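Peer 1: got a sequence here, can you build the structure:
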Amino acid sequence: MLPMSRRNALLLGGLGTAAIAAGGAGLWWTVSSRFSTVAGGDFTDPKQLRSSNGRLQVRLEASAGSVQLGGQQASALGYNGGIPGPTLRLRGGDAFAVELVNSMDVPTNLHVHGLHVSPQGNGDNVFNVVEPGHSFRYEYRLPADHPPGVYWYHPHHHGMVADQIFAGLFGAIIVEDAQPVDVSRERVMVVSDITLDGSGTVAGPSPMDRMLGREGELVLVNGQRNPKLSARPGERERWRIVNTCVARYLQLRLDGQQMQLLGMDSGRFPTPRNADEVLLAPGNRADVLVTAVEGDATLSAVYYNRGSMAGMMGPAGPAPNSAQGTGDLVLATLSVTGAPAAPPPAVPSRTAAADLRTAAVAARRQLTFAVGGMGMGMGMSFTINGREFNASRTDTTVAAQTVEEWTLINPSPMDHPFHLHVWPMQIIEEQSQAPGQPVWRDVVNIPANGQVRVRIHFKDFTGRSVYHCHILDHEDQGMMGVIEVR
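Peer 2: Residues are numbered from 1 along each chain as shown. Have a look, this model is predicted:
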């Protein structure tokens with residue numbers, strides 16, 4: 001029988017008393033059993049909530065319960081009783097309010113990942129805590145010129161972020177184009193992974209999972225396992241793909257079809273770019289066009305080597321990549337048959353993205369992401385510039401309306417995806433290579449033993465926020481810092 005750690009007990013508490021009614025011994029006996037799933041149902045989009053007349057008001061209840069995952073009922077967490085939560089559709093200049101209701105037994109809060117909104121007060125303020133049985137009203141306003149694209153929302157209560165997202169708390173946000181792209185249909189694809197024991201309850205992480213970043217045994221799209229999509233030849237579809245996984249990288253491939261990338265995160269290209277593969281680090285999103293060609297095709301996540309901790313843990317350390325499988329994962333299957341559709345019109349071109357390469361730089365900084373030694377929790381430490389996260393300490397102070405250049409350094413043997421809240425980053429240099437055109441991200445992958453240089457314009461908003469590794473187990477264990485713009 002596995003021991004029940006305090007963290008696992010808290011997670012099970014969040015899942016409610018129903019999950020532990022069978023008793024500790026019976027529950028943990030099922031950890032070694034496998035949850036049976038059903039593949040191949042018709043693809044379904046999450047429920048969508050749209051703004052009207054410049055406003056959207058929603059209620060999100062975070063709760064434990066019985067949800068359908070992989071075609072079977074499971075005990076997990078969800079917003080409004082589903083996984084994923086509803087998709088929120090907005091336009092530049094919109095105001096929107098979210099009443100977050102915490103019906104779990106553990107604290108939580110909300111982060112609107114990638115949105116350029118205020119971090120103060122009841123905005124995108126990750127220092128707010130919503131206690132069990134309480135609610136909190138978040139209010140946001142998008143700038144009129146907010147970049148269109150796909151974003152997402154999820155909890156950000158430090159120490160429990162990985163647990164709550166892994167168990168099902170996430171949903172997509174779409175900021176609409178001012179000039180729509182003509183497509184036959186649009187699909188929102190929220191990719192997640194989870195491990196369920198034989199009783200269908202979320203399995204707690206092992207110490208090794210926490211160290212490497214957990215990767216779930218079951219990989220789902222909108223809570224479905226390998227859903228089926230259908231189209232006619234010549235139809236153009238728009239796929240909004242979100243990587244909500246705690247640690248899994250998704251190197252996407254659609255064999256037999258041509259993907260065209262409109263953009264990633266908040267960054268958009270002037271015209272679509274052909275792409276054979278699209279790499280999404282945890283937290284990244286892709287906006288993809290697919291013009292269907294007759295035949296069957298699979299959307300797959302091909303193996304990506306994100307490194308390991310082997311060599312840092314002594315003779316008993318894990319083999320390289322032991323937290324990951326080395327085979328391809330089939331995410332969805334597309335079948336294209338029937339009478340050909342009329343050719344779609346050209347995609348409207350967009351104004352070129354802002355370019356900070358010639359901007360005056362007010363300050364240059366280095367952030368080093370390190371793993372090793374003993375942390376405050378007596379496990380391996382995860383630090384930025386040698387310090388573990390402390391909410392009461394401000395690590396970086398920035399002058400508002402200035403441009404800074406940050407060099408992100410990763411001397412560890414694992415990739416670290418870096419996320420800065422509120423303000424997007426322009427990639428200036430990756431592994432000594434400069435992009436030919438402006439590339440904007442809010443999650444930037446820093447390769448193992450590598451570095452990336454970015455520039456950030458701290459415009460529009462002031463206040464305290466955070467930056468962190470988006471392998472969320474690493475964030476929860478201290479790989480996060482506090483930034484204040486004033």
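
Peer 1: switch to C-alpha atoms for all contacts and neighbour counts from now on
Peer 2: Will do.

Peer 1: biggest strand in this structure, by residue count?
Peer 2: Of all the elements of type strand in the chain, the one with the most residues (DSSP state E) is strand 55-69.

Peer 1: what's in contact with it?
Peer 2: Contact with strand 55-69 is made by 14-16, 37, 49-51, 73-83, 90, 94-104, 169, 220, 223-225, as judged by CA atoms under 8 Å, 6 or more residues apart in numbering.

Peer 1: next, the buried residues of it.
Peer 2: For strand 55-69, a neighbour-count test (16 or more other CA atoms under 10 Å) marks 56-58, 60-69 as buried.

Peer 1: wait, a strand at residue 210?
Peer 2: No: going by DSSP: H, G, I helix; E, B strand; the rest coil, the assignment for residue 210 is helix, not a strand.

Peer 1: what's the helix or strand for the nearest residue to it once chain neighbours are set aside?
Peer 2: Closest residue in space to residue 210, ignoring its immediate chain neighbours: residue 473 at 5.4 Å, by CA to CA, 6 or more residues apart in numbering. Following DSSP states H and E, the helix or strand that holds residue 473 is helix 472-476.

Peer 1: residue ranges with poor pLDDT in the stretch 251-400 of the chain?
Peer 2: Applying pLDDT under 70 to the stretch 251-400 of the chain picks out residues 310-326, 373-379.

Peer 1: which stretches of it form strands?
Peer 2: Using DSSP state E, counting those that start in this stretch, the strands found in the stretch 251-400 of the chain span residues 259-264, 267-275, 277-280, 285-291, 295-302, 329-336, 363-374, 380-384, 396-398.

Peer 1: of all these, which lies closest to residue 237?
Peer 2: Of all the strands of the stretch 251-400 of the chain, strand 285-291 sits nearest to residue 237, with 5.2 Å by CA to CA.

Peer 1: got the CA positions of that closest one in PDB?
Peer 2: Extracted in PDB, the C-alpha atoms of strand 285-291 (Å, rounded to 0.1, in the frame of the first residue of the first chain):
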ATOM      1  CA  ARG A 285      -1.300  27.400 -27.900                       C
ATOM      2  CA  ALA A 286      -1.500  27.200 -31.700                       C
ATOM      3  CA  ASP A 287      -3.900  28.700 -34.200                       C
ATOM      4  CA  VAL A 288      -4.000  26.300 -37.200                       C
ATOM      5  CA  LEU A 289      -5.700  26.100 -40.600                       C
ATOM      6  CA  VAL A 290      -6.300  22.800 -42.300                       C
ATOM      7  CA  THR A 291      -7.500  22.600 -45.900                       C
END
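
Peer 1: contacts for it?
Peer 2: Residues contacting strand 285-291 (CA under 8 Å, 6+ apart): 149-151, 233-243, 257-265, 278, 280.

Peer 1: re the thing from before, let me have the strands of the stretch 251-400 of the chain in a markdown table, adding mean neighbour count and distance to residue 121 as columns.
Peer 2: Converted to a markdown table, the strands of the stretch 251-400 of the chain look like this (neighbours: other CA atoms under 10 Å; distance: least, CA to CA, whole Å):
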| stretch | mean neighbour count | distance to residue 121 |
| --- | --- | --- |
| strand 259-264 | 23 | 29 |
| strand 267-275 | 18 | 27 |
| strand 277-280 | 20 | 31 |
| strand 285-291 | 24 | 27 |
| strand 295-302 | 19 | 39 |
| strand 329-336 | 20 | 39 |
| strand 363-374 | 16 | 27 |
| strand 380-384 | 23 | 26 |
| strand 396-398 | 15 | 19 |
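
Peer 1: great, nothing more from me.
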